[in-house]
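In: could you look at this predicted model? Sequence included:
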Amino acid sequence: MSTITIATLVPTMLNFVLNAPAVGCYDLSSLRLLIYGASPIPETLLRRVGSTFDAELLQCYGMTEATPGTFLPPGDHVFDGPESVRRAAPFGWACCARHGGAGGRRSGQ
């Protein structure tokens, strides 16, 4: 019997799967890595995905004509702790904007 161990879905598809009435009727334990991207994912949906699937999550962004250039690896999917804490990629920019204000610093500074 073959099983799926890696799947790639956009957030809209993840929402569809989670809202399917029969999602709890299937054994999803073979899924080890769930790759998602192509559009922003609401935090509430991401939390539902994390609690429904016992799989590592990998978020990817990039251009269709190129390989994904930005990743959020499985180890950085943290569902507890302060929401404002995010790891900046090396050689990247970290920016936080709240209530109309914006500020940014180079990673590592």
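Out: The structure has been received and is ready for your questions. The structure presented is a predicted model; accordingly, all values stated were derived computationally and were not measured. Numbering: from 1, shown residues only.
In: which of the helices and strands in this structure ranks last by mean pLDDT?
Out: strand 101-106 (a mean of 43; mean pLDDT, DSSP states H and E).
In: was I right about Y61 contacting G37?
Out: Yes: under the criterion of Cβ atoms under 8 Å, Y61 makes contact with G37 at 5.3 Å. Every residue, glycine included, has its C-beta placed from N, CA and C.
In: okay, the two: which has more neighbours?
Out: The neighbour count for Y61 versus G37, taken as other Cβ atoms under 10 Å, is higher for G37 (19 against 13).
In: go ahead and confirm that one touches L46.
Out: No: under the criterion of Cβ under 8 Å, G37 makes no contact with L46, lying 11.8 Å away.
In: so what sits against both of these two?
Out: The contact sets of G37 and L46 do not overlap (Cβ atoms under 8 Å, 6 or more residues apart in numbering).
In: which stretches in this structure count as helices?
Out: 11-19, 43-52 (DSSP state H).
In: how far away is A22 from L28?
Out: 12 Å (Cβ to Cβ, to the nearest Å).
In: who's in contact with A7?
Out: Going by Cβ under 8 Å, 6+ apart, A7 touches L31, L33, L34, I35.
In: that one pairs with what?
Out: L34 (DSSP bridges).
In: can you list the low-confidence ranges for the chain?
Out: Across the chain, residues meeting the criterion (pLDDT under 70) sit at 62-70, 78-79, 81-109.
In: change it to 90
Out: Residue ranges of the chain with pLDDT under 90: 1-3, 23-24, 26-28, 37-43, 47, 50-51, 53-54, 58-109.
In: distance check, G75 against E56.
Out: Separation of G75 from E56 (Cβ to Cβ) stands at 8 Å.
In: the more surrounded of those two?
Out: E56 (16 against 8).
In: quick one: I6 and T12, what's the gap?
Out: 19 Å.
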